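[1] Model the structure of this input:
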Amino acid sequence: QVQLVESGGGLVQAGGSLRLSCAASGRTFSHYTMGWFRQAPGKERELVSEINWAASNTYYIDSVQGRFTISRDNAKRMVYLQMNSLKPEDTAVYYCGVKPGAQYTNWGQGTQVTVSS
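    You can find the predicted model right below:
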């Protein structure tokens with residue numbers, strides 16, 4: 001089973017940038033699709049972005065398209081989320097998830113992102 005640890009969250013002003021990192025353990029990390037989720041207070045967790053094993057396909061929800069960029073380094077077992085032009089509505093706990101098959105099966109502990117207006 002892949003274990004995940006997120007980092008890089010923090011407090012930033014609107015318009016600023018953050019880069020989230022997700023460190024993964026497990027030999028088969030490079031075989032799996034990886035994703036970034038977020039959960040704001042009082043809301044359900046939502047998939048923000050995902051990237052396939054070869055980094056040849058990516059997905060973004062409409063609200064972050066053009067502002068966020070997902071990437072991965074399979075050799076380092078890392079997944080990243082570069083977040084630019086941050087908005088207060090991006091405030092949430094961000095989680096890294098792994099999808100070995102059709103569904104996501106586990107997530108890290110999360111990292112808090114707070115965007116002030």
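
[2] Which positions in whichever strand or helix holds residue 79 come out as buried?
    Secondary structure assignment for residue 79, by DSSP states H and E: strand 78-83. Residues of strand 78-83 classed as buried: 78-81, 83 (neighbour count, 16 or more other CB atoms under 10 Å). From N, CA and C alone the C-beta is placed, and that goes for glycine too.

[3] who does it touch, helix- and strand-wise?
    strand 18-24, strand 33-39, strand 46-51, strand 68-73 (3 or more CB pairs under 8 Å, 6 or more residues apart in numbering; DSSP states H and E).

[4] who does it pair up with?
    strand 18-24 (antiparallel), strand 68-73 (antiparallel) (DSSP bridges).

[5] tell me the most buried of these?
    strand 18-24 (a mean of 20; mean count of other CB atoms under 10 Å).

[6] So which residues make contact with that one?
    2-10, 12, 34, 36, 77-83, 86, 94, 96, 98, 108, 111, 113 (CB atoms under 8 Å, 6 or more residues apart in numbering).

[7] Output it as PDB, restricted to C-alpha atoms.
    Provided in PDB are the C-alpha atoms of strand 18-24 (Å, rounded to 0.1, in the frame of the first residue of the first chain):
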ATOM      1  CA  LEU A  18       2.200  28.000  -3.200                       C
ATOM      2  CA  ARG A  19       3.700  24.700  -4.200                       C
ATOM      3  CA  LEU A  20       2.400  21.600  -2.500                       C
ATOM      4  CA  SER A  21       4.400  18.400  -2.400                       C
ATOM      5  CA  CYS A  22       3.400  14.800  -1.800                       C
ATOM      6  CA  ALA A  23       6.000  12.200  -0.900                       C
ATOM      7  CA  ALA A  24       4.900   8.600  -1.600                       C
END
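
[8] And the spatially most central residue of the chain, what's its pLDDT?
    In the chain, the residue lying closest to the centroid (CA atoms, centre = their mean) is residue 36, at 2.6 Å. pLDDT recorded at residue 36 is 98.

[9] could you measure it against residue 18, distance?
    Applying CB to CB, to the nearest Å, the value for residue 36 to residue 18 is 12 Å.

[10] Give me the common contacts of these two.
    Joint contacts of residue 36 and residue 18 (CB under 8 Å, 6+ apart) do not exist.
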